[in-house]
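Peer 1: Take this sequence and fold it.
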Amino acid sequence: MPAQLFVNDAVNCDHVHSRRDAEYLINAFVNGDVDSAWGELGGGARYTVIFDT
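Peer 2: Residues are numbered from 1 along each chain as shown. All right, here's what the predicted structure looks like:
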């Protein structure tokens, strides 16, 4: 299953920063380095959330 990034455009954030975070998280997933912040969607799909503070 390919990685997907969903962006809430209504939120005022730095999307360049979010992209770097997403790439880091995708690599972590590919390498099996997921922690308790990741949830399961079923069928092998997983998710996590990026918060830009």
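Peer 1: Distance of Ala45 relative to Asp9?
Peer 2: 23 Å (CB to CB, to the nearest Å). In short, each C-beta sits where N, CA and C put it, glycine included.
Peer 1: same deal with Gly42?
Peer 2: When distance is defined by CB to CB, Gly42 is 27 Å away from Asp9.
Peer 1: could you pull out the helices for the protein?
Peer 2: Along the chain, the stretches classed as helices by DSSP state H are 15-30.
Peer 1: Show me the shaky parts of it.
Peer 2: 1, 52-53 (pLDDT under 70).
Peer 1: coming back round to it: which one of Ala45 and Asp9 is surrounded by more residues?
Peer 2: Using other CB atoms under 10 Å as the criterion, Ala45 and Asp9 rank with Ala45 on top: 10 against 7.
Peer 1: What residues are bridge-paired with that one?
Peer 2: Under the criterion DSSP bridges, Ala45 forms beta bridges with Gly42.
Peer 1: Go ahead and name everything in contact with stretch 35-47.
Peer 2: When contacts are defined by CB atoms under 8 Å, 6 or more residues apart in numbering, stretch 35-47 is touched by residues Met1, Phe29, Val34, Thr48, Val49.
Peer 1: As CSV, those residues with neighbour count and distance to His17 would be great.
Peer 2: Shown next, in CSV, are the contacts of stretch 35-47 (neighbours: other CB atoms under 10 Å; distance: CB to CB, whole Å):
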residue, neighbour count, distance to His17
Met1, 8, 25
Phe29, 15, 19
Val34, 13, 21
Thr48, 14, 16
Val49, 9, 14
